[in-house]
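In: Structural data only, the sequence is not supplied:
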């Protein structure tokens, strides 16, 4: 019996196998037009959500949770989205994690190159931000612009630096910045607590503000996690904490009409 559908009453063309049914050794070679090209993420698969950052009187503080979602699945729960660059800068990323890994590699190579020059100079937060603004914009056609944004924070020569950059060429600085869903939910809270008061804000108060905002995001953002990391950049250098657990409660939901199985 002939098991190949191309022989079942269809005109035969040995040079064309539309169903991929010929034995492997008889199939014509198919050229992959993309095989020799460099591939970049166009459809993000593993993504992270908000990054929050504020200025306080002694430096910069940044927070990001440890979740990386695989589509709608809360898949990876120990992902670090804060990365130290040199001795005075930290970056935080929201969006596609593979793109962030590529940027980490680029920056690590850049820091090594600067160190090997041995000229006594290294990259500060302003230089890192300027460099990233060029790299991100140049790669905009190779990444998904809706999913990639970075916060750059640092402290150098007694000056605080906090800025935002994304693939659309957007760059700006402010005393408080947030990416992802935090740009809608956390920014009003951060501006009320920080903007105009950053010169009086203590480290403990800054930690408390970010902790509360991360709690609000966990309640409101389906792609967030109740564990996060905190980065502090001050005169002492860059410090990135271990996971911090949020204390949360959902008892208030019992009194909300329409929640769960309630009908009245």
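Out: Right, received. Where do you want to start? Remember, it's a predicted structure, so these values are computed and weren't measured experimentally. Residues are numbered from 1 along each chain as shown.
In: so where's the longest helix in this protein?
Out: In the chain, taking DSSP state H as the definition, the longest helix is helix 97-117.
In: Can you give me the neighbour number for the closest residue to residue 135 other than its chain neighbours?
Out: Nearest non-adjacent residue to residue 135, counting by CB to CB, 6 or more residues apart in numbering: residue 106, 6.5 Å away. Where you see a C-beta, it was placed from the backbone N, CA and C, and this is true even at glycine. By other CB atoms under 10 Å, 14 other residues sit near residue 106.
In: Per-residue pLDDT of residue 106, please?
Out: At residue 106, the model reports a pLDDT of 92.
In: repeat for the one 10 residues further on
Out: On the pLDDT scale, residue 116 is placed at 87.
In: Can you show me the helices along the stretch 1-150 of the chain?
Out: Secondary structure of the stretch 1-150 of the chain (DSSP state H, counting those that start in this stretch): helices located at 97-117, 125-138.
In: Ignore what I typed, I meant the stretch 151-264 of the chain.
Out: Applying DSSP H, counting those that start in this stretch to the stretch 151-264 of the chain gives helices spanning 182-185, 187-193, 203-220.
In: CSV for these, including mean neighbour count and mean pLDDT?
Out: Below are the helices of the stretch 151-264 of the chain laid out as CSV (neighbours: other CB atoms under 10 Å; pLDDT from 0 to 100):
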stretch, mean neighbour count, mean pLDDT
helix 182-185, 18, 92
helix 187-193, 17, 96
helix 203-220, 18, 95
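In: Let me have these in JSON lines, adding distance to residue 124 as columns.
Out: Formatted as JSON lines, the helices of the stretch 151-264 of the chain follow (distance: least, CB to CB, whole Å):
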{"stretch": "helix 182-185", "distance to residue 124": "26"}
{"stretch": "helix 187-193", "distance to residue 124": "24"}
{"stretch": "helix 203-220", "distance to residue 124": "21"}
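In: quick one: which of these is nearest residue 86?
Out: Of all the helices of the stretch 151-264 of the chain, helix 203-220 sits nearest to residue 86, with 21.5 Å by CB to CB.
In: related to what we said a few turns ago, pretty sure the residue nearest to residue 135 sits against residue 138.
Out: No - at 11.2 Å, residue 106 does not count as touching residue 138 under the criterion of CB atoms under 8 Å.
In: rewinding a little: quick check: angle from the longest helix of the chain to helix 125-138?
Out: Counting by axes from the mean of the first three to the mean of the last three CA atoms, to 10 degrees, helix 97-117 lies at 130 degrees to helix 125-138.
In: Show me what helix 97-117 packs onto, helices and strands only.
Out: Contact here means 3 or more CB pairs under 8 Å, 6 or more residues apart in numbering; DSSP states H and E; on that basis helix 97-117 packs against strand 46-48, strand 82-85, strand 89-96, helix 125-138, strand 148-156.
In: Of all those, which one is nearest residue 72?
Out: Among these, the nearest to residue 72 by CB to CB is strand 46-48 (10.6 Å).
In: mind listing what that closest one pairs with, with the direction of each?
Out: If you go by DSSP bridges, strand 46-48 pairs up with strand 68-70 (antiparallel), strand 89-96 (antiparallel).
In: so where's the protein shaky on pLDDT?
Out: 1-44, 139-147, 258-264 (pLDDT under 70).
In: The helices and strands packed on helix 97-117 into a markdown table, with extra columns for distance to residue 71?
Out: Putting these into a markdown table (distance: least, CB to CB, whole Å) gives the following:
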| stretch | distance to residue 71 |
| --- | --- |
| strand 46-48 | 8 |
| strand 82-85 | 23 |
| strand 89-96 | 12 |
| helix 125-138 | 24 |
| strand 148-156 | 17 |
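In: Mean neighbour count and distance to residue 208 added to the ones you listed, as JSON lines?
Out: Converted to JSON lines, the helices and strands packed on helix 97-117 look like this (neighbours: other CB atoms under 10 Å; distance: least, CB to CB, whole Å):
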{"stretch": "strand 46-48", "mean neighbour count": "23", "distance to residue 208": "23"}
{"stretch": "strand 82-85", "mean neighbour count": "22", "distance to residue 208": "19"}
{"stretch": "strand 89-96", "mean neighbour count": "26", "distance to residue 208": "19"}
{"stretch": "helix 125-138", "mean neighbour count": "19", "distance to residue 208": "24"}
{"stretch": "strand 148-156", "mean neighbour count": "26", "distance to residue 208": "18"}
